[in-house]
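S.K.: Output the structure for:
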Amino acid sequence: MQNESQEETSEVTQKRSFINPGARMPNIKVFSGSSHPDIAKKIVEKLGISLGRAVTKTFINKETNVEIGESVRGEDVYIVQSGCGDINDNLMELFIMINACKIAAASRVTAVVPCFPYSRQDKKDKSRAPITAKLLANLMSVAGADHVITIDLHSSQIQGFFNIPVDNLYAEPAITKWIKENIPEWKSAVMVSPDAGGAKRMTAIADRLDIDFAIIHKERQRANEGDSTVLVGDVRNRIAVMVDDLADTCDTIVKGAAKLHESGASKVYAILTHGVLAGNAIEKINNSHLEAIVVTNTIPQEQHMKLCPKLQTIDISVMLAEAIRRTHYAESVSYLFTNVPY
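M.R.: Reported below is the predicted structural model:
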């Protein structure tokens, strides 16, 4: 009987929502870098605390200067800085903020990096190629970070580059929720991976929804003949939902949408975790067969949304806020791998 009672209590704790916003969370400070202040404001709003005071500026010689405007001695510090915008400048700003808090006697410093930069440079795929993701992991540790929280790393093995704890959260639960709430005919839809590399991510979502899936496979032809794509699966007269972790030029997504339309799909959606949308990606999306392209707000999208009526966002600040709360109170974070906090 005692064991059953303990299990019930544990289950309630796992499913517990945020602490009362009116209650004070002791010994915690959340600071924002300059890359994505909007998501940092949403995080502290959900935690019911104020954003820490910090001033960042760039000198005329392009050096970065950071001033932490309040005491962090003995505090549990979280610094929110996403890998977007002027990535290298923002990374340097993050390292300086981490170091400033560490030498000011913070008890623990956690880097909250919603979109982890350089994550595609994770292996030595050709002669003399750098493994930049490993270098970045080393730089964070040397700066003084004790912990890293991120979302949908391009490769899960990047966690092994760190000698400190890394919580790699998944956007999968939020994506599943969006599909159920925004696509009325989702039960007859088909999940699609735009390439073989994203098959694992796509099948995980298809399994959660208990729907069919398909893969777009790129075939290399003879020399000088280019590539051709083959759709493995049936999408005729059905809604196709492509999922991927990151899109910058959007070539893969746009070509995938064209292939699905050609194969008879009634509507084509694309859902991405990190919408970099660089270069002329917005123009490609506007001229594509996509019904809508949905991205999380790990990267600011306000300017992109003004230019692209097809673009929609999923707010994942609630997931990051709950991860911070659970980390602060030494609770399990694994609940967030399969559930959207409420």
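S.K.: now stretch 173-182, how far from the centre of its chain.
M.R.: How far stretch 173-182 lies from its chain's middle: 15 Å, per CA atoms, centre = their mean, to the nearest Å.
S.K.: For that stretch, what does the pLDDT average out to?
M.R.: Averaged across stretch 173-182, pLDDT comes to 96.
S.K.: CA atoms only for it, dumped as CSV, please.
M.R.: C-alpha atoms of stretch 173-182 as CSV (Å, rounded to 0.1, in the frame of the first residue of the first chain):
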residue,chain,number,x,y,z
PRO,A,173,5.1,17.0,-28.2
ALA,A,174,4.4,20.7,-29.2
ILE,A,175,4.3,19.7,-32.9
THR,A,176,1.9,16.8,-32.2
LYS,A,177,-0.3,19.2,-30.3
TRP,A,178,-0.3,21.8,-33.1
ILE,A,179,-1.3,19.1,-35.7
LYS,A,180,-4.2,17.9,-33.6
GLU,A,181,-5.5,21.5,-32.9
ASN,A,182,-4.9,23.0,-36.4
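S.K.: who's in contact with it?
M.R.: Residues outside stretch 173-182 that contact it (CB atoms under 8 Å, 6 or more residues apart in numbering) are 186, 189, 205, 208-209, 241, 243, 271, 273, 294, 296, 314, 316, 319, 336-340. In this view, the C-beta of every residue, glycine as well, is placed from N, C-alpha and C.
S.K.: can you tell me which of these are in helices?
M.R.: Secondary structure from DSSP state H places 205, 208-209, 319 of the contacts of stretch 173-182 in helices.
S.K.: Pull out the buried residues from stretch 109-120.
M.R.: Residues of stretch 109-120 classed as buried under the neighbour-count rule (16 or more other CB atoms under 10 Å) are 109-119.
S.K.: Pick the one among those residues closest to residue 75.
M.R.: Nearest to residue 75 out of the buried residues of stretch 109-120 is residue 109 (CB to CB; 9.3 Å).
S.K.: What's opposite the closest one in the beta bridge?
M.R.: residue 77 (DSSP bridges).
S.K.: got the buried residues of stretch 109-120 as TSV, with distance to residue 253 columns?
M.R.: Output for the buried residues of stretch 109-120, formatted as TSV (distance: CB to CB, whole Å):
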residue	distance to residue 253
109	36
110	32
111	29
112	27
113	24
114	20
115	17
116	20
117	20
118	21
119	18
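S.K.: So which of these belong to strands?
M.R.: 109-113 (DSSP state E).
S.K.: out of those residues, who's nearest residue 288?
M.R.: Taking CB to CB as the measure, residue 288 lies nearest residue 113 of these, at 29.8 Å.
S.K.: of all the ones in helices among the contacts of stretch 173-182, which two lie farthest apart?
M.R.: Farthest apart among those by CB to CB are 209 and 319. That separation is 19.1 Å.
S.K.: Comparing the two, which residue is more hemmed in?
M.R.: residue 319 (25 against 17; other CB atoms under 10 Å).
S.K.: on that earlier part again, would you mind listing which of the contacts of stretch 173-182 are buried?
M.R.: When neighbours are counted using 16+ other CB under 10 Å, these contain these buried positions: 186, 189, 205, 208-209, 241, 243, 271, 273, 294, 296, 314, 316, 319, 336, 340.
S.K.: how about a markdown table for the ones in helices among the contacts of stretch 173-182, with pLDDT and distance to residue 95 added?
M.R.: Output for the ones in helices among the contacts of stretch 173-182, formatted as a markdown table (pLDDT from 0 to 100; distance: CB to CB, whole Å):
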| residue | pLDDT | distance to residue 95 |
| --- | --- | --- |
| 205 | 95 | 35 |
| 208 | 94 | 37 |
| 209 | 95 | 40 |
| 319 | 96 | 25 |
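S.K.: and of those residues, the nearest to residue 232?
M.R.: Proximity of those to residue 232 (CB to CB) peaks at residue 205, which lies at 17.1 Å.
S.K.: what ranges do the strands span in this structure?
M.R.: Assigned by DSSP E, the strands in the chain fall at 28-32, 54-58, 64-68, 76-80, 108-113, 147-151, 166-169, 190-193, 212-220, 227-232, 239-247, 267-275, 292-296, 311-314.
S.K.: Check the offset of the first one from the chain's centre.
M.R.: What that stands for is strand 28-32. Computed by CA atoms, centre = their mean, the chain-centroid distance of strand 28-32 equals 19 Å.
S.K.: what's that strand packed up against?
M.R.: Helices and strands touching strand 28-32, as assessed by 3 or more CB pairs under 8 Å, 6 or more residues apart in numbering; DSSP states H and E, comprise helix 37-47, strand 76-80, helix 317-328.
S.K.: Which one of those lies nearest to residue 64?
M.R.: So among the helices and strands packed on strand 28-32, strand 76-80 is nearest, using CB to CB, at 13.8 Å.
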